[in-house]
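S.K.: Sequence and predicted structure, then a few things I'm wondering about:
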Amino acid sequence: MVWLSVMMAAGLWAAPATHTVEMVDAATVEGTLTAVTADKVELQSKDAKQSLPREQVVRITLAEADDPTARLGKAMVMTLDGAQLAADSVTMDQGTLTAAVAGVGSVQLPIAQVKAVYLPDAGTTVQDIRLKCEEFKIVAGAQDVLVAVKKDGGYVSVQGAVKAIDAAQVTFNWKDTDRRSARDTVRAVLLGQTGAAAPARAGGVVTLRNGSRLPWSSLTMDAKGLGLETAAFKRLTLDPAGVAEITFISDRVTDLAELAPDAVEQHGLLGEGFKYRRGRSVAGGPLRMNKKTYASGLGLHSFTSLSYNLDGRYRRLAALVGIDDAAAAAADATLVVLGDDKPLGQPLRLRSAQPPQVLRVDLAGVKRLTIRVEFGQDKLDVGDHVDIVAARLIK
């Protein structure tokens, strides 16, 4: 293939890469990704070419992705359709935002499509800014919100309308007057969303190696590269060498992490424990097991019990479960899955330094699903940071 030959000649790929395709039932297939069409995903293994039905594929992993929310000084642009752009530079003028994104290039967006712009300094991360906004109860409303840092480290927010962003300052209209703030004091601009149309349902998401996430409506891959159409950027052609992951959204599959449990019980051994998180570990870091980071999943701690009303809509649950890489070496927990208060399969013992385990349970006829993290055989709650990732409810 053309792009593979070019990369090998440049020394970027000295040998065929091993890519992993995850199927709906949590089975995995490995090989080198060669093509994606409307009907199939093609892999080349050492011995043979494999063709997989695209409707059965939920994820293709090509490389490890960075977590831009945890990188010091890394700017980020978030759009209404769910795009997350790890930006090397951000400017805005005349209602158009321009961002330089590694692996994509310079992109221009109407400001009406932008949800937020985060501008951390060299000692701050996007995650730091989000946590501070939560602490000071700063949220977007009908108007734009400028979030700035004070000399004492506290945050202050002002409602108005963002007019321009350049390398030196942010221009913000407040009380009918344009005011300019030094850019190094501005941490975020949250855009007002009143009247904004709901984004169309995406066909999936492409995650770049730098952590940028691009929802797409159509996607193919051939010798010319990875082609996708997006609501924000229209048509893009990407070099697969810069892509970490391709996910596919199916009407047959629901991400468990996107559902809110209708009942939650959680406590530590001797009192209050860690609260469960969606999309993060219980300690607030990325979901990471066996040196791999996962964008979607649940972070839980012993003891935690989450219950969901399924009303018999699903036939199977598939997930990957284990102890987060950041947990203490003494972590020892037990995962129990219940359907209508009856055990589904055998409990799984989860310990540090063990690879994650595949969880598959039959949900046929189950109206109420309960996922429970209990104290392990040590009867303690020391470092029991359990991750449940790639958790799929399958119809």
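M.R.: Yep, that arrived.

S.K.: ok, then the element right after whichever helix in the chain runs longest?
M.R.: Using DSSP state H, we find that the single longest helix of the chain is helix 126-135. Counting by DSSP states H and E, the next helix or strand C-terminal to helix 126-135 is strand 144-149.

S.K.: how much does that next one deviate in direction from helix 126-135?
M.R.: Taking axes from the mean of the first three to the mean of the last three Cα atoms, to 10 degrees, one finds that strand 144-149 is oriented at 110 degrees with respect to helix 126-135.

S.K.: so what secondary structure elements neighbour strand 144-149?
M.R.: strand 155-165, strand 169-174, strand 186-190 (3 or more Cβ pairs under 8 Å, 6 or more residues apart in numbering; DSSP states H and E). Backbone N, C-alpha and C define where each C-beta goes, glycine included.

S.K.: sorry, back to before: for the longest helix of the chain, which outside residues touch it?
M.R.: With contacts defined as Cβ atoms under 8 Å, 6 or more residues apart in numbering, helix 126-135 is touched by 68-70, 74, 76, 118, 120, 138-139, 147, 155, 187-188, 190, 284.

S.K.: Just the buried subset of these, please.
M.R.: Burial of those was assessed by neighbour count (16 or more other Cβ atoms under 10 Å); the buried members are 68-70, 74, 76, 118, 120, 138, 147, 155, 187-188, 190.

S.K.: would TSV of these with pLDDT and distance to residue 244 be doable?
M.R.: TSV is the format used below for the buried ones among the contacts of helix 126-135 (pLDDT from 0 to 100; distance: Cβ to Cβ, whole Å):
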residue	pLDDT	distance to residue 244
68	90	12
69	90	15
70	88	15
74	94	16
76	97	16
118	97	21
120	96	22
138	90	31
147	96	29
155	92	32
187	97	27
188	97	25
190	96	27
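
S.K.: Return the member of these nearest to residue 46.
M.R.: Nearest to residue 46 among the buried ones among the contacts of helix 126-135: residue 68, at 34.6 Å, using Cβ to Cβ.

S.K.: Surely the closest one is in contact with residue 78?
M.R.: No. Between residue 68 and residue 78 there is no contact under Cβ atoms under 8 Å: 10.9 Å.

S.K.: could you check the angle strand 155-165 makes with the longest helix of the chain?
M.R.: Using the same axes, to 10 degrees: helix 126-135 against strand 155-165 is 120 degrees.

S.K.: Could you export helix 126-135 as PDB, CA atoms only?
M.R.: Provided in PDB are the C-alpha atoms of helix 126-135 (Å, rounded to 0.1, in the frame of the first residue of the first chain):
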ATOM      1  CA  VAL A 126      -7.200  21.000  31.300                       C
ATOM      2  CA  GLN A 127      -8.200  18.600  34.000                       C
ATOM      3  CA  ASP A 128      -7.000  21.100  36.600                       C
ATOM      4  CA  ILE A 129      -9.200  23.800  35.000                       C
ATOM      5  CA  ARG A 130     -12.300  21.600  34.900                       C
ATOM      6  CA  LEU A 131     -11.800  20.600  38.600                       C
ATOM      7  CA  LYS A 132     -11.400  24.300  39.500                       C
ATOM      8  CA  CYS A 133     -14.600  25.200  37.600                       C
ATOM      9  CA  GLU A 134     -16.500  22.500  39.400                       C
ATOM     10  CA  GLU A 135     -15.100  23.800  42.800                       C
END
